[in-house]
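Novice: this is the structure alone, sequence omitted:
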């Protein structure tokens, strides 16, 4: 009898390559551009925030 992990149908969970590949593509397509854009947004905030803070403080 199979002693390892099995799914609901009783089959062993060894062949999972397509699912992992699909999750990897989902990671590349969604999470990686989000991280890159988040980094660029942080850079833009770091470059523009002193100017914005100065203009906000100068206004009464």
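Specialist: All right, it came through fine. Predicted model only: the values in this text are computed from it and were never measured.

Novice: name the helix or strand for residue 33, please.
Specialist: Taking DSSP states H and E as the criterion, residue 33 maps to helix 32-58.

Novice: next: residue 23.
Specialist: With DSSP H and E as criterion, residue 23 is part of helix 17-26.

Novice: list the buried residues of stretch 23-38.
Specialist: Neighbour counts over stretch 23-38 (16 or more other CB atoms under 10 Å) mark no residue as buried. Backbone N, C-alpha and C define where each C-beta goes, glycine included.

Novice: what mean pLDDT would you report for that stretch?
Specialist: The pLDDT scores in stretch 23-38 average 84.

Novice: quote the end-to-end distance of it.
Specialist: The straight-line separation of the ends of stretch 23-38 (CA to CA, to the nearest Å) is 21 Å.

Novice: ok, residues contacting it?
Specialist: Outside of stretch 23-38, no residue comes within contact range by CB atoms under 8 Å, 6 or more residues apart in numbering.

Novice: and the gap between residue 31 and residue 38?
Specialist: Using CB to CB, to the nearest Å, residue 31 is found at 10 Å from residue 38.

Novice: ditto for residue 24
Specialist: Noted for residue 24: a distance of 20 Å to residue 38, by CB to CB.

Novice: likewise for residue 28?
Specialist: For residue 28, the distance to residue 38 - CB to CB - is 16 Å.

Novice: one more: residue 48?
Specialist: Distance, residue 48 to residue 38, by CB to CB: 16 Å.
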